[in-house]
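Trainee: Here is a sequence with its predicted model. Questions after.
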Amino acid sequence: MNIRPAILAICVILVNALTLGVALQVKAQNDKTPQSQSPTLHEFDQSQLQSFASAALEIKEIRSKWQSRLQEVESVEKAKEFQAQASAEMLNAVKARGLTVETYNAIAAAARNNHDFAARIVKLMERPR
């Protein structure tokens with residue numbers, strides 16, 4: 001059974017979910033600080049990659065939990081409330097692993113743009129926690 005393509009697809013989906021979920025928070029942070037160059041692949045150390053992999057797996061669990069709740073929502077207000085709670089949990093998952101949202105998103109972008117780099121992350125995600 002080849003799990004890697006499925007995990008990579010999940011990783012990309014999760015990255016997009018986190019990116020969308022904290023977009024307003026990132027925008028607020030960017031408005032306060034000057035724009036900087038995005039990091040290159042060589043600027044991520046093994047610890048950051050392991051933290052990213054761990055956070056991505058937790059985000060997958062958070063997304064799954066909230067997705068089922070969102071499907072049962074009957075009002076827009078409740079859906080927005082659930083989305084805010086999910087985003088907060090995702091943000092906490094990233095920060096709890098010592099990453100900033102910007103670093104998490106930069107690693108995700110690098111993985112989307114570089115197949116070999118994405119494969120490294122998938123291997124880290126496959127390791128037992």
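Mentor: Perfect, thanks for sending it.
Trainee: From here on, just use CA atoms for contacts and neighbour counts.
Mentor: Will do.
Trainee: the helices in this structure, which residues?
Mentor: Secondary structure of the chain (DSSP state H): helices at 4-21, 23-32, 46-71, 76-96, 101-113, 115-126.
Trainee: Mind putting those into a markdown table with mean neighbour count?
Mentor: Shown next, in a markdown table, are the helices of the chain (neighbours: other Cα atoms under 10 Å):
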| stretch | mean neighbour count |
| --- | --- |
| helix 4-21 | 17 |
| helix 23-32 | 12 |
| helix 46-71 | 18 |
| helix 76-96 | 17 |
| helix 101-113 | 19 |
| helix 115-126 | 17 |
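Trainee: Worst mean pLDDT among those?
Mentor: Of all these, mean pLDDT reaches its minimum on helix 23-32 (a mean of 46).
Trainee: distance of the closest residue to Ser54 other than its chain neighbours from Lys78?
Mentor: Once flanking residues are discounted, Ser54 sits nearest to Met125: 6.7 Å by Cα to Cα, 6 or more residues apart in numbering. As judged by Cα to Cα, to the nearest Å, Met125 and Lys78 stand 33 Å apart.
Trainee: what's the answer for Gln50, then?
Mentor: According to Cα to Cα, Gln50 and Lys78 sit 34 Å apart.
Trainee: same thing with Gln71?
Mentor: The value you get for Gln71 to Lys78, if Cα to Cα is used, is 11 Å.
Trainee: what's the answer for Ser51, then?
Mentor: Look at Ser51 and Lys78: by Cα to Cα, they are 32 Å apart.
Trainee: what's the answer for Gly98, then?
Mentor: Distance of Gly98 to Lys78, computed by Cα to Cα: 31 Å.
Trainee: show me what contacts Ala111?
Mentor: Phe117, Ala118, Ile121 (Cα atoms under 8 Å, 6 or more residues apart in numbering).
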